[in-house]
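Novice: Show me the folded form of this:
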Amino acid sequence: RISLLLAHCIILTLQLLPTASLQLSMSSSKLITISENVWRTAASNHKRRIKSILKPGLTSRSDQINSGNRRKNNKFYDDWTALDPVNPIYNFLIEYYGIKGAKGPRRLARWAPDPALLLEEFDNGSHRESNGVFGTLSCTDETNDVYNAAMKASHGLGGIYLENANADDMGGTLHLRGCTPVISENCNSGELIFHGVLYNPAIFYNRHIPVAEITQDEKNQRLKTISPFQWYSSILQSTLDSEPIMHCHGLHEWAMQYHPEGSPPPPSGKYQSKLPLRVSRDVINETVERKGISCTHVDALRFFAPAAGPLNHHGAQLQRTDQLRLEQKACVHAHMDLLKIALKLQSFIDAELLGDILEISIQARRLDVEASPYDATSYGAGIVPVETPVGRKMYREQQTDLMYRAEPVRIRLLDAYRTFMGISFDSELLGGGDDESEKSIAYVAPERLSKAEPGGLPWRQNLIES
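Specialist: Residues are numbered from 1 along each chain as shown. You can find the predicted model right below:
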């Protein structure tokens, strides 16, 4: 059974990625310079935008949760604070995606250039633009200290060079992950000169070492590294290809609170325990039982009350690979998970796209909460009473609007994944080589071969037995 699942997962993962997209690569090594004024302005704008998006969910400095966000002199490290863990609209960022403490929002606000600039065609000295950020192709000049230092640091791969970035910027204004210092030595004094920093995912993933020159163990490790990017690309593509389901009415939250007479208390009742229910237990049970549940999000099933499992039209037990056939473009949780998929790319993702995804994710969460049996009005949420015909109509209207807004963002994220993989990894490892004998077999993570059931364990702890 396991071997069949492995074959199924491998085939789906590779077939869902068009061959042309797998063969993207850097046309040649190049050094693209973004001037200090341009990148600092872009970084500042990104930070300001993230702060604006998160502001309603951030705690005050006086909140006990921020007691660790101080220097030794008792002054705050910076102006970031933690998200409120009891705010039902924003706490999913903590619980689902690990955006914890002040460092979580701070990490979202860091900036890095869009790697898509590396695929632009340049003439020497010409400019190219990505979402308002202009890069200039540096002329090949072996007498130029910056050019030589950048090419040395990148093993000849080049990259996107941020002029005059300094050590304090690394892990502060800029993402530390994938950030390569560009340093040269003064010939006369021997003093080290810090020119700036370089971003190129090909450097981070050691593409300068050809596949033919690595051991089989190293090749296997690269395939293991690539695997989650292939998986998420497949999820994005299959979601885009799906038919929307407009009759689920967000009842996964109701399934978490389902408690018919004689059944044990729902274990997921602890989630949002700080919120009062706005309807009675009888109304919750009746709403779930009215027509059952049409939940396509495999992650959600794990949080159902055990008694609600048999009422799900898509099954009381699902496997991780079922996500490839069930995930659909109208699902609010699929929109929320765009953020999880985007965070996997940091810091090799366009900052503007990340901001757009964060907005969509929070808008989806708001609808999720407003359609739930909880009363979250004290946090500025409205009520979408899906237990009534009027409420179900409201839900479908908002669900449809959200789906249309999320669609182009999902397309952009899939493009970002394809660009990233094409730059970072050899086509042979991505399954896109011309010679069939040279194509690699994709690695399948164990958690892909796992199952979900109401009240069940996390994916990695609930593997399918052989």
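
Novice: residue boundaries of the strands in the chain?
Specialist: 30-34, 127-130, 133-137, 158-163, 179-185, 192-199, 318-319, 451-452 (DSSP state E).

Novice: Quick one: mean pLDDT over the second one.
Specialist: Just to be clear, that refers to strand 127-130. Averaging pLDDT along strand 127-130 yields 61.

Novice: quick one on the thing from earlier: any chance of the strands of the chain in a markdown table, with distance to residue 235 and mean neighbour count too?
Specialist: All C-beta spots, glycine's among them, are computed from the backbone N, C-alpha and C. Listed next are the strands of the chain as a markdown table, based on distance: least, C-beta to C-beta, whole Å; neighbours: other C-beta atoms under 10 Å:
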| stretch | distance to residue 235 | mean neighbour count |
| --- | --- | --- |
| strand 30-34 | 31 | 23 |
| strand 127-130 | 25 | 14 |
| strand 133-137 | 28 | 21 |
| strand 158-163 | 28 | 26 |
| strand 179-185 | 28 | 18 |
| strand 192-199 | 26 | 20 |
| strand 318-319 | 14 | 22 |
| strand 451-452 | 15 | 23 |
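
Novice: weakest of those strands by average pLDDT?
Specialist: strand 127-130 (a mean of 61).

Novice: Kindly reformat the strands of the chain as CSV containing distance to residue 350.
Specialist: Below are these laid out as CSV (distance: least, C-beta to C-beta, whole Å):
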stretch, distance to residue 350
strand 30-34, 13
strand 127-130, 7
strand 133-137, 9
strand 158-163, 12
strand 179-185, 16
strand 192-199, 12
strand 318-319, 33
strand 451-452, 32
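
Novice: closest one to residue 366 among those strands?
Specialist: strand 451-452 (25.1 Å; C-beta to C-beta).

Novice: so how far is the closest one from its chain's centroid?
Specialist: For strand 451-452, the separation from the chain centroid amounts to 22 Å (computed by C-alpha atoms, centre = their mean, to the nearest Å).

Novice: what helices or strands is that strand leaning on?
Specialist: Taking 3 or more C-beta pairs under 8 Å, 6 or more residues apart in numbering; DSSP states H and E as contact, the helices and strands that strand 451-452 lies on are helix 298-301, strand 318-319.

Novice: Ok, which of these comes nearest residue 462?
Specialist: It is, among the helices and strands packed on strand 451-452 and with distance given as C-beta to C-beta, strand 318-319, at 10.0 Å.

Novice: And the contacts of the closest one?
Specialist: With C-beta atoms under 8 Å, 6 or more residues apart in numbering as the test, strand 318-319 has contacts from 5, 298, 301, 326, 449, 450, 451, 452, 453, 464.

Novice: please redo it, this time with the cut-off set to 7 Å
Specialist: 298, 301, 451, 452, 464 (C-beta atoms under 7 Å, 6 or more residues apart in numbering).

Novice: can you check stretch 45-53 too?
Specialist: 108, 109, 111, 351, 355, 358, 359, 362.

Novice: Kindly report the same for stretch 405-418.
Specialist: By C-beta under 7 Å, 6+ apart, stretch 405-418 touches 21, 24, 229, 232-233, 236-237, 239-240, 329, 335, 338, 341-342, 345, 349-350, 353, 356-357, 360.

Novice: what do you get for stretch 280-297?
Specialist: Residues from elsewhere that reach stretch 280-297 (C-beta under 7 Å, 6+ apart): 245, 247-248, 251-252, 254-255, 257-260, 301, 308, 311-314, 326-328, 331, 333-334, 373, 387.

Novice: Would you list the buried entries among those?
Specialist: Among those, those scoring as buried are 245, 248, 251-252, 254-255, 257-259, 301, 308, 311-312, 314, 326-328, 331, 333-334, 373, 387 (criterion: 16 or more other C-beta atoms under 10 Å).

Novice: Please give the centre-to-centre distance between stretch 299-308 and its chain.
Specialist: Distance, centroid of stretch 299-308 to centroid of chain: 24 Å (C-alpha atoms, centre = their mean).

Novice: go on, stretch 454-462?
Specialist: 22 Å.

Novice: before we move on, back to that, now, the most widely separated pair of the contacts of stretch 45-53?
Specialist: 111 and 362 (20.0 Å).

Novice: In contact with residue 204, which residues?
Specialist: Shown in contact with residue 204 (C-beta under 7 Å, 6+ apart): residue 178.

Novice: Start the count at 726 instead of 1 going forward.
Specialist: Fine by me, first position is 726 from now on; the one you just mentioned is residue 929.

Novice: Tell me how far it lies from residue 995.
Specialist: 39 Å (C-beta to C-beta, to the nearest Å).

Novice: give me every residue that touches residue 791.
Specialist: 784, 806, 807, 827.

Novice: Residue 888: which of those residues is nearest?
Specialist: residue 827 (29.2 Å).

Novice: Can you report how many residues lie near the closest one?
Specialist: When counting by other C-beta atoms under 10 Å, one arrives at 23 neighbours for residue 827.

Novice: And the pLDDT at it?
Specialist: Per-residue pLDDT puts residue 827 at 93.

Novice: next one: the one 5 residues further on
Specialist: The predicted local distance difference test score for residue 832 is 96.

Novice: now residue 1176, which residues is it bridged with?
Specialist: residue 1044 (DSSP bridges).

Novice: Which ones among the buried ones among the contacts of stretch 1005-1022 map onto helices?
Specialist: Among the buried ones among the contacts of stretch 1005-1022, the members found in helices (DSSP state H) are 977, 979, 980, 1026, 1051, 1058, 1059.
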